[in-house]
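*Asks:* have a look; sequence and predicted model below, questions after that.
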Number of protein chains: 4
Amino acid sequence: MADTLSPEQAKQLAERCAETMYANDQVSQSLGMVIESVGPGESTVVMPVRDDMVNGYDTCHGGMIFSLADSAFAFACNSQDEVAVAAHCSIDFIRPAYRGNVLTARAKVAYQGRRSGVYHIEVVNQDGKQVALFQGNSARLGQPVISRERTE
Amino acid sequence: MADTLSPEQAKQLAERCAETMYANDQVSQSLGMVIESVGPGESTVVMPVRDDMVNGYDTCHGGMIFSLADSAFAFACNSQDEVAVAAHCSIDFIRPAYRGNVLTARAKVAYQGRRSGVYHIEVVNQDGKQVALFQGNSARLGQPVISRERTE
Amino acid sequence: MADTLSPEQAKQLAERCAETMYANDQVSQSLGMVIESVGPGESTVVMPVRDDMVNGYDTCHGGMIFSLADSAFAFACNSQDEVAVAAHCSIDFIRPAYRGNVLTARAKVAYQGRRSGVYHIEVVNQDGKQVALFQGNSARLGQPVISRERTE
Amino acid sequence: MADTLSPEQAKQLAERCAETMYANDQVSQSLGMVIESVGPGESTVVMPVRDDMVNGYDTCHGGMIFSLADSAFAFACNSQDEVAVAAHCSIDFIRPAYRGNVLTARAKVAYQGRRSGVYHIEVVNQDGKQVALFQGNSARLGQPVISRERTE
């Protein structure tokens, strides 16, 4: 179905999927993540590094950087209105992020089959410097993201 | 230095390292993690899945499970009083964790060289069922975890 | 079916699966791999590092070490008479292997569900020193490894 | 040093590094790999799937696909005349390759720091269909790839 959409329709569908997911995702909300943009197979999510995300050396906890990348991954791999979950993820930590930094995660599909997908997510700081590289492998569950409305 | 310690001394050193790290680690504290035990190259950390860790379907956010495993990894790879940071991590999500579950992460060294290390962490729920398998690759920075006291 | 076997029967089944696979696996044969033992969810495979497996510095090509670990993984994840293929693998290279070394790969199941599995494989040299750590994620295809005999 | 080169010089340096490595790499040679192109941080390597690379079902052994991707990774991460070795690699197997297929591996740098690097390698078949996605993490050893000539 999604394959017959115009580029504009595909982008709108991706946006509606992301809205639905974000509304249900307390963790992304409480970590202060903001969806900057989303499209078919891609997303950009921003998160400032808050005081409560750093350790005693003022560097951001790896789990917080992972959570940001994981959310960008989720919006990208669910963007075609098929529920997909993370099966396997890996992350390379390249440079520390510090209190007050603003991190941007950009997710992009590397492969999407009927069931499984592979996505690459790059996390950069406010200077465009790479903070982490993330790969997410997803598995579709055979359900739509957006519940179907009754039509009558 | 650490190599000449008795098993009991090595365990005490690991405990002191973990205490020092935990005291500085707001994220582990605020996520409600409790260190159950720690020893040379290993650790066990427990975390209940709280209301604010789940999404609209009551399943725990992957980033929270990652954070738990990552903390257990950190306590294990810093247990010999050498500061080590995560360079690369991967995680396999096996089954969902739900609101109210109590998760236990057990970290164990698979390899530790002079500089780099590889650790395996298993996350299980309160029924002993596997929730996730995590691998952490660490890099030592050449600094002690516990600041040296003045001797005067 | 396999779950109701005695330990001895499970081991024999694993051995028959490995024989069937090895007979069809030219690459494992031509690389000189020898199956030392196999059981349910585990296997041990040995491979000497030959002249044609090393580069100009006499160190074994990473692809050859991967191939050894991958074969041990295959024998382990197909040991219950269900065809399984590699979906995702990762390898950490710990120390070089040299011409004339004899490498042993030991595979062990970390998780096996109805469809997907995770296996850990350790590759050591003839002195028991770790050469590589490998993780293999498998997917079962719903077919038996051993073709069923006609019964009439 | 390499940073002050013109694009043309950087490409020539990458080519000389790859030639030096290939001349020493019996495995890449004996597997029939051909370097199609190489440049700073990137390479393209081609390998036909021969009879001796397939199993009884005519599908290419995963270790052979890994070896191809690993060689492309090596040419890319050694392209700036600094010896680098593989520290950690992961591979996703997307679709089988068959006897007679011609595989192309394209390596591209995702991150290169002073010491460590991350490279993405895509393996496609003769129809441009994805066969595997590979990530390679490299570590530089502080030596040049091309031996320096005496100047006297």
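*Replies:* Here it is on my side, so go on.
*Asks:* show me which residues of chain A sit near chain D.
*Replies:* With Cβ under 8 Å from any Cβ of the partner chain as the criterion, chain A meets chain D at residues A:90, A:92, A:94, A:110-111, A:113, A:118, A:120, A:122, A:130, A:133, A:135, A:137. All C-beta spots, glycine's among them, are computed from the backbone N, C-alpha and C.
*Asks:* got these as TSV, with pLDDT columns?
*Replies:* Shown next, in TSV, are those (pLDDT from 0 to 100):
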residue	pLDDT
A:90	98
A:92	98
A:94	97
A:110	98
A:111	98
A:113	97
A:118	98
A:120	98
A:122	98
A:130	98
A:133	98
A:135	98
A:137	98
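*Asks:* please indicate which of the residues you listed has the highest neighbour count?
*Replies:* residue A:137 (27 neighbours; other Cβ atoms under 10 Å in any protein chain shown).
*Asks:* tell me which residues form a beta bridge with the nearest residue to that one once chain neighbours are set aside?
*Replies:* Nearest non-adjacent residue to residue A:137, counting by Cβ to Cβ, 6 or more residues apart in numbering or on different chains: residue A:88, 4.2 Å away. For residue A:88, the beta-bridge partners are residue A:137, residue B:92 (DSSP bridges).
*Asks:* for residue A:59, which non-adjacent residue is closest in space?
*Replies:* Nearest residue to residue A:59 in three dimensions, chain neighbours excluded: residue A:96, at 4.3 Å (Cβ to Cβ, 6+ apart).
*Asks:* what is the burial count for that neighbour?
*Replies:* Residues within reach of residue A:96, counting by other Cβ under 10 Å, total 16.
*Asks:* what's the answer for residue A:56, then?
*Replies:* Residue A:56: 11 neighbours (other Cβ under 10 Å).
*Asks:* doesn't residue B:24 make contact with it?
*Replies:* Yes: Residue A:56 sits in contact with residue B:24 when judged by Cβ atoms under 8 Å, with a separation of 2.8 Å.
*Asks:* the helix or strand containing residue A:71 and chain B in contact?
*Replies:* Per DSSP states H and E, residue A:71 falls inside helix A:62-77. Yes: against chain B, helix A:62-77 shows contacts by Cβ under 8 Å from any Cβ at A:62, A:63, A:64, A:66, A:67, A:68, A:70, A:71.
*Asks:* pLDDT value on residue A:14, please?
*Replies:* For residue A:14, the pLDDT comes out at 96.
*Asks:* wait, it sits on residue A:79?
*Replies:* Yes: using Cβ under 8 Å, residue A:14 makes contact with residue A:79 at a distance of 3.7 Å.
*Asks:* and the two? Which one has more around it.
*Replies:* For the pair residue A:14 and residue A:79, the greater number of neighbours falls to residue A:79 (29 against 26), based on other Cβ under 10 Å.
*Asks:* hang on, the earlier thing: number of nearby residues for the residue nearest to residue A:137?
*Replies:* By the criterion of other Cβ under 10 Å, residue A:88 has 25 neighbours.
*Asks:* how about the one 3 residues further on?
*Replies:* Applying other Cβ under 10 Å, we find 25 residues neighbouring residue A:91.
*Asks:* give me the element the nearest residue to it once chain neighbours are set aside is part of.
*Replies:* Once flanking residues are discounted, residue A:91 sits nearest to residue A:134: 4.7 Å by Cβ to Cβ, 6+ apart. Counting by DSSP H and E, the element that carries residue A:134 is strand A:130-140.
*Asks:* so that strand versus strand D:130-140, what angle?
*Replies:* Inter-element angle recorded for strand A:130-140 and strand D:130-140: 150 degrees (by axes from the mean of the first three to the mean of the last three Cα atoms, to 10 degrees).
*Asks:* pull strand A:130-140 out as CSV, backbone CA atoms only.
*Replies:* Taking C-alpha atoms only, strand A:130-140 is exported to CSV below (Å, rounded to 0.1, in the frame of the first residue of the first chain):
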residue,chain,number,x,y,z
GLN,A,130,30.0,13.1,15.5
VAL,A,131,29.2,11.8,19.0
ALA,A,132,28.0,8.3,18.1
LEU,A,133,27.2,6.0,15.3
PHE,A,134,24.2,3.6,15.8
GLN,A,135,22.9,0.7,13.8
GLY,A,136,19.4,-0.6,14.4
ASN,A,137,18.0,-3.9,13.1
SER,A,138,14.2,-3.9,13.1
ALA,A,139,11.5,-6.6,12.7
ARG,A,140,8.0,-5.8,11.5
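*Asks:* before I go, just wanted to say thanks for your time.
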